[in-house]
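In: structure for this input, please:
(2 chains)
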Amino acid sequence: MTVGKTLWLIILIKLFVFFVIFRVFFFKDFLDSRFDTDEEKSEYITKQLLTKPK
Amino acid sequence: MSMDASLVDWSRAQFALTAIYHWLFVPLTLGLSFIIAFMESIYVKTGNEEWKRITKFWMTLFGINFAIGVATGIILEFEFGTNWSNYSWFVGDIFGAPLAVEGIMAFFLESTFIAVMFFGWNKVGKRFHLVSTWLVAIGASLSALWILVANAWMQYPTGMRFNPDTARNEMVNFWEVLFSPVAINKFLHTVSSGYVLAAVFVIGVSSWYLLRKRHEAVAKKSILVASVFGLIMSVFLVLTGDGSARLMAKHQPVKFAAMENLYEGQTNAPLVAIGILTSKGDEHKKEDFLMKLEIPDFLSYMAFLSANAYVPGIQDLIHGNEEHGIISVDEKIAKGKLAIGALKQYKQARKTNETMKADSAMKILDANFAYFGYGYLTNAHDAIPPIKETFYSFRGMVGLGLWFVLLFILMLWSVMKNKVEKRRWLLRLALLSIPLAYLASEMGWIVAELGRQPWIIQDLMPTSVAVSQISAGSVKLTFVLFAITFTLLLIADFKILTKYIKIGPKDGGAE
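Out: Numbers count the residues shown, from 1 in each chain, chains lettered A, B, ... in the order given. Here you go, the predicted model:
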C-alpha cells in the first residue's frame, strides 16, 4: 500500500472513531442533552455558580 | 453542587492527556511547513532538481505527521461540551468566536492549498505551487493563532463583560481579546517553539543519514536550511519567552513566584538557574532548596526590567503586602463572595421585578467581578499552584531551549566548514535532541497550564467549579479510550515516519 493510501485509511478510521463512536456514544453535549432553550441552560449554570462546591 | 474530587481530577487528567498527545503532532506541522516552503523557494529560484527532491522528501514526512495528527484537537472541543459545561457556558462567545475563525482559516487556507501542495506537482505552475506551499505554512500558524488567543484569554481575561441574566461572559471588544499583550506573546512564543522543534527534527533526521553515510548531500543541505531557520527562530523564542515572563509577573504573579519557588518577596531578586527542591509537605506548599545556583538580580530584571525591582513572593501574594500594594487572598476571597452574593441578589430581584435592588446588586457584582473566582476558595493557600512541577518544567524548557541554540550554531558552523559528517559526537547529540525538543515543548505547556491552577480562567473561575456534573466513571472510561486511541495514532505516526525516513529521499518523494 502506498503512503497516500495508508494515510487516507488512517484518516477515515480516525474520523469514524472520533465523530461516530466518541461523539455519539461518549461525548454528548452536557447542556444540549438536558435542556432545550438557552434560558434553561443559563438558569442551570447560574444555580451551579451560586452553589459552592463542597 | 456536590463536588466529587475524583471527577475533577479525572476530567483534568483526561484534558491533559488529550492536549499533550495533540501537541505531539502540532509543532512539527507548524515548523516543517515553513522549512519546506524555504526549500521549495530555493528550488524555484535556482531550478536545481536536487532541491525539489529534498522538498518532496520533507513534504512526505510533513504529510504523514499532518494526516495522523489532524483532528486530534477536535477531541478537546468535545471535552469542553461534555466534561466542562459550566466553563463552556461561562466563557460564552469568547471561545466560540476565535474557534469559528480558526475553523474557517483551517478549511480555506490549509485544506485547499494542502491539496495543491501534495497533488499539484507537474499539474500547476512552479510559482503557483510555491505560493500554495507558503499559504499552507501561513495557514497552519494562523489556525494556531485563534486557539492560542482563546487560551491567552483564560490566562488574562479581557475585552468582555459578564452578563448576569445569561450567566455568560460577552465579548465587548474583539480587538482587545485578539490583541491583548498576553495573546500576542503567547502566539509568537508558541509557534516559534514549533518552528524550533521542526528545525531540531530536520537536523536530527539528517544527522542520522550522515551517521549512516547515506544521502549525504541531501542531509547537509537540509541541515543548512534547518539550522539557519532554527537559529533565527530560537532568538525569537528567547525574546518572546522573556516577554512571557514579564507578562506573567504582571498578570499572574502567583504563577511567576511558584515557577521560581520565591516564597519571600525581595528586591534584587536572583534567578535560580539550577535548583533542587525538597518538600516540607505542609499546607503552605512551601518548598526548600536542597541546593541552588543563582544569577544575582536577574529575576528582578526579568520581571520588571530593573535589577532592584521588588518581586513579590508567594507569602506576599497570599497574605498581602501593604507596603507594595498587594492585597491578601483572604481579602480577595471576601470580594469574590460579595460578587457571588450580588449575583444571587440580582437574580432574586429580577424574579420579583425589584429594579432598584437589581441595579444595586449589579453595581456590587461589577465592582467585585474581577475577584469572582476567589469566592469559591475555602483556604487562601488553595491559590498556590503546584510548585515543584512548574519550577522543574520551567528550568527544563529553558535549559533545553538554550541547548538547541548551541546545537543550531554548532551545526551551522560545521556544515559551512564542510566538517559536519566528521563530527559524529555532534550528529549523535542532534539525533538525541529530537525527543528533547518534544519534551521541552510539552514542559512549556506544563508551566502555562499547571502554573495557572487553581484557575481555569484566571481569578474568575476555579477548575473545580468548571466541571459538568457527570459521573467520574464515564470520564475514567473515556480517559482509557483516549489513551488507547492516541497511543495507537502515535505508534502509527512513529512507524510510518521511521519507515519513510529509512527509505530516504531517493524513493520517498511525495507524489
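In: the helix or strand harbouring residue B:188 - what's its average pLDDT?
Out: Assigned by DSSP states H and E, residue B:188 belongs to helix B:181-211. Helix B:181-211 shows a mean pLDDT of 96.
In: and that helix, what other elements does it pack with?
Out: Judged by 3 or more C-beta pairs under 8 Å, 6 or more residues apart in numbering or on different chains; DSSP states H and E, helix B:181-211 is in contact with helix B:5-46, helix B:126-155, helix B:216-251, helix B:387-416, helix B:424-450. Every residue, glycine included, has its C-beta placed from N, CA and C.
In: count the neighbours of the nearest residue to residue B:271 once chain neighbours are set aside for me.
Out: Nearest non-adjacent residue to residue B:271, counting by C-beta to C-beta, 6 or more residues apart in numbering or on different chains: residue B:298, 3.8 Å away. Residue B:298 sits with 16 neighbouring residues when counted by other C-beta atoms under 10 Å in any protein chain shown.
In: ditto for residue B:109
Out: 20.
In: got the angle for the helix holding residue B:188 vs helix B:5-46?
Out: Relative orientation of helix B:181-211 and helix B:5-46, computed by axes from the mean of the first three to the mean of the last three C-alpha atoms, to 10 degrees: 60 degrees.
In: what stretches of chain A score poorly on pLDDT?
Out: By pLDDT under 70, the low-scoring segments of chain A are A:1, A:52-54.
In: which parts of it are helices?
Out: A:3-15, A:38-50 (DSSP state H).
In: quick check: end-to-end length of stretch B:443-463?
Out: The straight-line separation of the ends of stretch B:443-463 (C-alpha to C-alpha, to the nearest Å) is 20 Å.
In: find the centremost residue of chain B, please.
Out: With distances taken as C-alpha atoms, centre = their mean, residue B:445 lies nearest the centre of chain B, 4.5 Å away.
In: thought it was touching residue B:23?
Out: Yes - Residue B:445 lies in contact with residue B:23 (C-beta atoms under 8 Å); the separation is 6.2 Å.
In: where's residue B:456, which helix or strand?
Out: When elements are assigned from DSSP H and E, residue B:456 belongs to strand B:455-457.
In: and that strand, what does it pack onto?
Out: helix B:85-91, helix B:126-155, strand B:461-462, helix B:463-466.
In: dump those into TSV; add distance to residue A:10 and mean pLDDT as well.
Out: Compiled in TSV, the helices and strands packed on strand B:455-457 are given as follows (distance: least, C-beta to C-beta, whole Å; pLDDT from 0 to 100):
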stretch	distance to residue A:10	mean pLDDT
helix B:85-91	30	91
helix B:126-155	19	90
strand B:461-462	37	94
helix B:463-466	33	91
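In: so which of those gets nearest residue A:26?
Out: Of all these, helix B:85-91 sits nearest to residue A:26, with 14.7 Å by C-beta to C-beta.
In: who are the packing partners of that closest one?
Out: Short answer (3+ C-beta pairs under 8 Å, 6+ apart): helix B:85-91 packs on helix A:38-50, helix B:74-83, strand B:168-171, strand B:455-457, strand B:461-462, helix B:463-466.
In: quick one: which of these is nearest residue B:412?
Out: So among the helices and strands packed on helix B:85-91, helix B:74-83 is nearest, using C-beta to C-beta, at 37.0 Å.
In: what residues does chain A put near chain B?
Out: A:3, A:6-8, A:10-11, A:14-15, A:17-18, A:22-23, A:26-32, A:38, A:41-42, A:45-54 (C-beta under 8 Å from any C-beta of the partner chain).
In: name the nearest residue to residue 11, sequence neighbours excluded.
Out: In the absence of a named chain, chain A is used. residue B:67 (5.5 Å).
In: chain B was what I was after
Out: residue B:83 (4.5 Å).
In: pretty sure that neighbour contacts residue B:13?
Out: No - taking contacts as C-beta under 8 Å, residue B:83 lies outside contact range of residue B:13: 10.8 Å.
In: between those two, which has more neighbouring residues?
Out: Applying other C-beta under 10 Å to residue B:83 and residue B:13 shows that residue B:83 carries more neighbours, namely 26 against 15.
In: OK, contacts around that one?
Out: A:30, B:11, B:14, B:15, B:467, B:468, B:470, B:475 (C-beta atoms under 8 Å, 6 or more residues apart in numbering or on different chains).
In: what pLDDT does the fifth one get?
Out: In the prediction, the pLDDT value recorded for residue B:467 is 89.
In: that one and chain A: what is the separation?
Out: Residue B:467 sits 9 Å away from chain A, going by C-beta to the nearest C-beta, to the nearest Å.
In: repeat that for the fourth one.
Out: Relative to chain A, residue B:15 is positioned 13 Å away (C-beta to the nearest C-beta).
In: can you get me a residue count around that residue?
Out: With other C-beta under 10 Å as criterion, residue B:15 counts 22.
In: list the contacts for the closest residue to chain A within the stretch 301-450 of chain B?
Out: Nearest to chain A, among the residues of the stretch 301-450 of chain B, is residue B:344, at 5.2 Å (C-beta to the nearest C-beta). Residue B:344 makes contact with residue A:50, according to C-beta under 8 Å, 6+ apart.
In: what about residue A:6, neighbour count?
Out: Residue A:6: 16 surrounding residues under other C-beta under 10 Å.
In: what helix or strand is the closest residue to it other than its chain neighbours on?
Out: Nearest residue to residue A:6, sequence neighbours excluded (C-beta to C-beta, 6+ apart): residue B:496, at 6.6 Å. Assigned by DSSP H and E, residue B:496 belongs to helix B:472-503.
In: list the buried residues in that helix.
Out: Using 16 or more other C-beta atoms under 10 Å in any protein chain shown as the test for burial, helix B:472-503 gives B:472, B:475, B:478-479, B:481-482, B:485-486, B:489-490, B:492-493, B:496-497, B:500-501.
In: do the same with stretch B:195-213
Out: Residues of stretch B:195-213 classed as buried: B:195-210 (neighbour count, 16+ other C-beta under 10 Å).
In: residue B:42: which of these is nearest?
Out: residue B:202 (14.1 Å).
In: quick one: stretch B:195-206 to chain centroid distance?
Out: Centre-to-centre, stretch B:195-206 and its host chain are 19 Å apart (C-alpha atoms, centre = their mean, to the nearest Å).
In: could you dump that stretch to PDB, C-alpha only?
Out: Output in PDB follows, covering the C-alpha atoms of stretch B:195-206 (Å, rounded to 0.1, in the frame of the first residue of the first chain):
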ATOM      1  CA  TYR B 195       9.500  26.200  14.400                       C
ATOM      2  CA  VAL B 196      12.400  25.300  16.700                       C
ATOM      3  CA  LEU B 197      11.100  21.800  17.200                       C
ATOM      4  CA  ALA B 198      10.800  21.200  13.500                       C
ATOM      5  CA  ALA B 199      14.300  22.500  12.900                       C
ATOM      6  CA  VAL B 200      15.700  20.100  15.500                       C
ATOM      7  CA  PHE B 201      13.700  17.300  13.800                       C
ATOM      8  CA  VAL B 202      15.200  18.000  10.400                       C
ATOM      9  CA  ILE B 203      18.700  18.300  11.800                       C
ATOM     10  CA  GLY B 204      18.200  15.100  13.800                       C
ATOM     11  CA  VAL B 205      17.000  13.100  10.900                       C
ATOM     12  CA  SER B 206      19.700  14.500   8.600                       C
END
